[in-house]
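Engineer: I'd like to go over a predicted model; first the sequence, then the structure.
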Amino acid sequence: MSFLSKISLANKSLVALVTIAILLLGGFVIPSLKQELFPSISLPTISVVAVYNGASPSIVERDVTNPLEQNLQGLQGLQTETSYSNEGVSLITLSFNYGTDINQATQTVSESLNKAQPSLPSGVTPQVRSFSIADLPIIQLSVTSDQNQQDLATALNQDVVPSLTAISGVGNVSVTGVTNQIVSINLDLNKLKADGISASQVEGALQANNISLPAGDVTTSNGQTVPIKVGNTLNSLSDLQNLIVGAKGASAGAGAGAGAAGAGATGASGFSAGGVGAGGFSAGATGAGGFSAGATAIPTPVKLKDVATVQETVAPSSSLTRTNGKESLGVSIVKTTDGNTVTISNAVNAQISSLQQKLGHNASITVTSDQAPTISKSVNDLIREGLIGAAFAILIILIFLFSIRSTLVTAVSIPLSIVIALIGLYVGNYTLNLLTLGGLTIAVGRVVDDSIVVLENIYRHLQSGEEKKVAIPNAIREVAGAVTASTLTTVAVFLPIAFTGGLVGELFRSFAVAVTVALLASLFVALTIIPVLASWFLTSPKPEKVRKEEKQSPLERGYVALVGWVTGKGWHRALMLGLAAVVLVISLALSTGLQTNLFGSSGGNSFSVSLTMPPATSLQTTSNATSKLEQAIRSLNGWKSYQSTIGSGGILSTSSGTNTATIAITTNTNIDQTAFENDLRSKMNGLKSLGAITVSGGQSSGFSSSNVQLNVQANDPQTLRQASDQVKAAVQGVSGLTDVTSNLTDGSPEIDINVDPVRAAAHGLTAAQVAQNVRLIYSGTTVTTITLNGNQQNVDLYVGTPQTTVAQIKNMLIPGTTGTVTLSDVASVVQAIGPTQITHVQDKQTATISGTVTATNVGSVTANVQKAVNKLHLPSGASVVQAGVGSSQSSTFHDLGIAVLIAIILVYCIMVATFRSLLQPLILLISIPFAATGSLILLLVTQTPLGAAALIGFLMLVGIVVTNAIVLLDLVRQYRMKGFDARSAVIEGGRHRLRPILMTAIATILALMPMALSIGGASSGFISQPLAIVVIGGLATSTVLSLLLIPTLYVIVEGIRGRAGTINQLDEIQESRVNNEEPAVAL
């Protein structure tokens, strides 16, 4: 690689222009880099949602979930299939392997659903939805006002949504929590019976008289083609109320059918002669509104208002939303793929005041969720840590070289390498996030290493009196191979991350790219720009100051004495190896006490409180209980805002019902978040009588929750209940685990209406018609739409009066073909207990036991949970499998362990190519486990858990630990080629490489120190801190290993191979062997 230096030295002006161009380009593209909290990852998850209104969980499972699951089996790349059968909705979550083409998978799932469609109930159409992190709202606003919710929603859509949508980078703005206005029509069965009109006639009349159809077109005299539309549109409540839906007093010659066209269609209780349309009175077959000439008596038209109550109202709601105790609506803002989260947030916050004034009515807009402050803080923290680290690195260079010019020349490599890396991120369409910034901050300590080695060797040659034209090329030629090999080994260790599966592989891929580009940039800078700067700014000493003989510093004299001792006598070498082995064994023994987790705390300021009350609890009762939780939260210090959602979380929610509530809490960023969480838990523990309360947040990193999950499976509900109760009781006693809950809730009361087919047939009804008529009473049906005050509203048709007790339901009237029928005449009515949710995992009924880990040692807690489960004697056919953080941690450690092994193999291959030897690289590989001793000890001392970030640190360490050794052994090899014996070569090579090795090691350690101390705070430290601690500990021990253990191993190996003498002596030995002579004594 020294040819790069030759080219750059021959074209110094061009190098200067390229450097300036890089800086200018960086100044242009860096501000354009998007900022995010985490990399945008397309999660390989597809949801299938099927709505079956009014159906109980058992019916949803039988009629919807089971047929869908059967058709979704065996999909390529499918990892897990989980289904939730709730009241009126089936939700199936399909998790695929990472790397799966989600678009292709979505198409395959859609094709499978099409095959399942014929086996589903009428009107049930599954919808397929995929998810990406980019789909999440970057900002969520909550709006309260003195207006009612409908008027407030209208104002938001008219005034707020357009203003926010106009912000550059905003993709979608939606108003949530709105209770829709509807027109409710409640039919009176007695009046229908008295007038001889059926419910189906009314439905037909509404649909037939609110329609517009194309009839063709006509060509006018001026040559224009004008379309013709025929129909009628209902535009007011009055139009609905005065709509003719039938006739009374009609004889056999007149009737009222339900058909839209009126020909040959007769309603359930219509009286037709030849088939009359809705409300029609015709001779033969007349459409709606016609009068029959063959009637013996003129029928009296019946208007809708004569048989029904028509009113504008709000749709029934299964949820409530409050912000800071007041009813509210939400505004969710999703950015485009090119949007900048921080820029959008700043623009939104700047508009809040003016938007509040525009809304009026004491409107208040509260930011309940905003990623931008966390992003800005994390970016600023990491930049500050990087700058402090860079300053430390530059200071070390100044102390060792004691030359301002040399220090400044070397320091140039840091900003240049980082700028080139940022340009690379921009070109690769990466964003500034915790991972990429963390990688660049880690790289700050490493990018200066190549320049230090190059410049230090140039400095040494100049001090020996060589001319710059000779010194610089010679110095670079000596170290170019070693510098290149050492950089490539560090870069190569990140290659396995590209093949690491799971979320960790997806997350750290951008981290690896950032570090790789920065390191390659540092190599480019060291071999091109540094030589040019050295030729311009470094000077040779005056002749009288040139050292005739190189004078050893006190540090070098001490090192030479020490390395000479450990490589001297055989027992000295054995003692050195023994001490290293003892340290390794002790550190490995102590490592059993290491804490483990997946990700540490991100120090977030968001918390969540969940409340689950007994099944069938009303929405109002749950709301009252939630108010008590809100009151307790208001008594805490440090909260900024809280938003309560009572009731169903929507069709994509895995929980449903009016008995649940969730409170999302945002705290002030400047408070002690751990203390707030402890106070919050204490308050909530005092309210456990309200129901099952869980607290989460604060310790989550954003991708990994600290929830332990156990999936209990069985063949029947009774066995499942028994086994899940056993597991739940067992894990409740595990230390460090709290809020243990089960999603297998107690059954809720339900009323079963069993239709007798024989009795129903006697009244001209089928079981399906009875079910449909009961549904019309309790749920209604949307028959058409109407535009009122500029807003389109559904028109929902209800029949009769809903009853509330079993006795009342038995005596309830339902529509029949010959009038009304008492429900008990065609069916039996009983009260029973039914499930509130049925969960399947891999098509098998499952109960999930969940608990929140409050201890830092997540691995220990999950291990204790497993021990508690192993002691159980579960019923026959029941099984328990760990999921949640325990499963994720196990798979992550396995994948990263394999990545470390692959990295070692790659490093070995690079070193074989560098040294052209199979044996010498093994000496360096032996040092890797010894280097890990420092990392393990430092993790123990700092009580830092071993997690994904720490394992990435060990992965980096594989490349870093051999860097200094390569620089040392490369020079040793050069001395051996000059005729030095093995021991003299390692002593002389070590003496010359002592200063650059110490400089690079100390500079890297100090550069990483701000991250290890988490000066920036927990927002970025949950990834960067453990990684930095591992690298610092490993680099500290690897430096000692490079300077003492590797020389010892080298001398021992060369002695075993019979190559410990000088090159001349080796030639004599070879010649004497050929001539059968005694070889000369080897030194």
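Structural biologist: Arrived safely.

Engineer: how many residues are close by residue 225?
Structural biologist: By the measure other CB atoms under 10 Å, the count of residues near residue 225 is 8. In this view, the C-beta of every residue, glycine as well, is placed from N, C-alpha and C.

Engineer: check contacts around it.
Structural biologist: Counting by CB atoms under 8 Å, 6 or more residues apart in numbering, residue 225 makes contact with 217, 218, 219.

Engineer: which members of the residues you listed are classed as buried?
Structural biologist: Not one of the contacts of residue 225 meets the buried threshold, by 16 or more other CB atoms under 10 Å.

Engineer: and stretch 191-207, end to end?
Structural biologist: 21 Å (CA to CA, to the nearest Å).

Engineer: also stretch 306-320?
Structural biologist: Note: stretch 306-320 ends 35 Å apart using CA to CA.

Engineer: and for stretch 50-64?
Structural biologist: Stretch 50-64 has an end-to-end distance of 7 Å (criterion: CA to CA).

Engineer: before we move on, back to that, residue 889: which of the contacts of residue 225 is nearest?
Structural biologist: Checking the contacts of residue 225 against residue 889 with CB to CB, the nearest one is residue 217 at 68.8 Å.

Engineer: with adjacent residues omitted, what lies nearest to that closest one?
Structural biologist: In space, residue 217 comes closest to residue 227 once its chain neighbours are excluded; the distance is 4.8 Å by CB to CB, 6 or more residues apart in numbering.

Engineer: residue 220 now?
Structural biologist: Counting by CB to CB, 6+ apart, the residue nearest residue 220 is residue 226, at 6.0 Å.

Engineer: host element of that neighbour?
Structural biologist: strand 225-232 (DSSP states H and E).

Engineer: tell me the contacts of the residue nearest to residue 177 when sequence neighbours are not counted?
Structural biologist: Counting by CB to CB, 6+ apart, residue 321 is the residue found nearest to residue 177 once chain neighbours are left out, at 4.3 Å. The neighbours of residue 321, taking CB under 8 Å, 6+ apart as the test, are 142, 177, 327, 328, 329, 330, 643, 644, 645, 646.

Engineer: distance-wise, check the fourth one relative to residue 147.
Structural biologist: Taken as CB to CB, to the nearest Å, the spacing of residue 328 relative to residue 147 amounts to 12 Å.

Engineer: of those two, who's got more company?
Structural biologist: residue 328 (26 against 17).

Engineer: doesn't residue 643 make contact with the more buried one?
Structural biologist: Yes. Contact status for residue 328 versus residue 643: in contact at 7.3 Å, counting by CB atoms under 8 Å.

Engineer: find the residues that touch each one of the two.
Structural biologist: Residues touching both residue 328 and residue 643 (CB under 8 Å, 6+ apart): 142, 321, 322.

Engineer: could those go into a markdown table alongside secondary structure and distance to residue 730?
Structural biologist: As requested, the shared contacts of residue 328 and residue 643 are exported to a markdown table (DSSP: H, G, I helix; E, B strand; the rest coil; distance: CB to CB, whole Å):
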| residue | secondary structure | distance to residue 730 |
| --- | --- | --- |
| 142 | strand | 41 |
| 321 | strand | 38 |
| 322 | strand | 38 |
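
Engineer: strands of the stretch 501-650 of the chain, start to end?
Structural biologist: Taking DSSP state E, counting those that start in this stretch as the test, the strands found in the stretch 501-650 of the chain are 606-612, 639-647.

Engineer: nearest to residue 902, out of the ones you listed?
Structural biologist: Smallest distance to residue 902 across those (CB to CB): 37.5 Å, for strand 606-612.

Engineer: now do the closest one, average pLDDT.
Structural biologist: Average pLDDT, strand 606-612: 88.

Engineer: now that strand - C-alpha only, CSV.
Structural biologist: C-alpha atoms of strand 606-612 as CSV (Å, rounded to 0.1, in the frame of the first residue of the first chain):
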residue,chain,number,x,y,z
SER,A,606,-41.7,7.5,29.2
PHE,A,607,-43.6,5.1,31.5
SER,A,608,-46.7,3.1,31.1
VAL,A,609,-49.3,1.9,33.7
SER,A,610,-51.7,-0.8,32.7
LEU,A,611,-54.9,-1.7,34.5
THR,A,612,-56.9,-4.9,34.0
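
Engineer: for beta bridges, what are the partners of residue 819?
Structural biologist: With DSSP bridges as the criterion, residue 819 is bridged to residue 816.

Engineer: sorry, back to before: which of the contacts of residue 225 sits closest to residue 826?
Structural biologist: Closest to residue 826, out of all of those and judged by CB to CB, is residue 217, at 51.5 Å.

Engineer: now do the SS call for that closest one.
Structural biologist: Secondary structure state of residue 217, per DSSP: H, G, I helix; E, B strand; the rest coil, is strand.

Engineer: mind pulling up the pLDDT for it?
Structural biologist: Here the pLDDT value assigned to residue 217 is 87.

Engineer: which positions in stretch 1043-1058 come out as buried?
Structural biologist: By neighbour count on 16+ other CB under 10 Å, the buried set for stretch 1043-1058 is 1043-1055.

Engineer: ok, residues contacting it?
Structural biologist: Contact partners of stretch 1043-1058, identified using CB under 8 Å, 6+ apart, comprise 559, 562-563, 566-567, 573, 576-577, 580, 919-920, 923-924, 926-927, 930, 965, 968-969, 972, 982-983, 986-987, 990, 994, 997, 1060, 1069, 1082.

Engineer: count the neighbours of residue 197 for me.
Structural biologist: Residues near residue 197, counting by other CB under 10 Å, number 28.

Engineer: show me what the residue lying closest to it once chain neighbours are set aside is bridged to.
Structural biologist: In space, residue 197 comes closest to residue 246 once its chain neighbours are excluded; the distance is 3.9 Å by CB to CB, 6+ apart. Going by DSSP bridges, residue 246 is paired in beta bridges with residue 302.

Engineer: around residue 246, how many other residues sit close by?
Structural biologist: That count, for residue 246 with other CB under 10 Å as the rule, works out to 35.

Engineer: I'd guessed it sits against residue 194; true?
Structural biologist: No. Assessed by CB under 8 Å, residue 246 is found out of contact with residue 194, at 11.6 Å.

Engineer: and the helix or strand harbouring residue 183, what other elements does it pack with?
Structural biologist: Applying DSSP H and E as the criterion places residue 183 in strand 181-187. If you count contacts as 3 or more CB pairs under 8 Å, 6 or more residues apart in numbering; DSSP states H and E, strand 181-187 packs onto helix 199-208, helix 237-241, strand 308-314, strand 781-788, strand 791-799.

Engineer: if we use 6 Å, what do you get?
Structural biologist: On a contact count with 3 or more CB pairs under 6 Å, 6 or more residues apart in numbering; DSSP states H and E, strand 181-187 meets strand 308-314, strand 791-799.

Engineer: which neighbouring elements make contact with the next helix or strand after the longest one?
Structural biologist: Same thing as strand 791-799. Sequence order places helix 806-810 as the next helix or strand after strand 791-799, per DSSP H and E. The criterion is 3+ CB pairs under 6 Å, 6+ apart, and the helices and strands that helix 806-810 contacts are strand 827-834.

Engineer: could you dump the strand it packs on to CSV, C-alpha only?
Structural biologist: Only the C-alpha atoms of strand 827-834 are listed here, as CSV (Å, rounded to 0.1, in the frame of the first residue of the first chain):
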residue,chain,number,x,y,z
ALA,A,827,-85.0,-20.4,20.9
SER,A,828,-83.7,-21.1,24.4
VAL,A,829,-81.9,-18.3,26.3
VAL,A,830,-79.3,-19.1,29.0
GLN,A,831,-76.5,-17.3,30.7
ALA,A,832,-73.0,-18.9,30.5
ILE,A,833,-69.3,-18.1,31.1
GLY,A,834,-67.2,-17.7,28.0
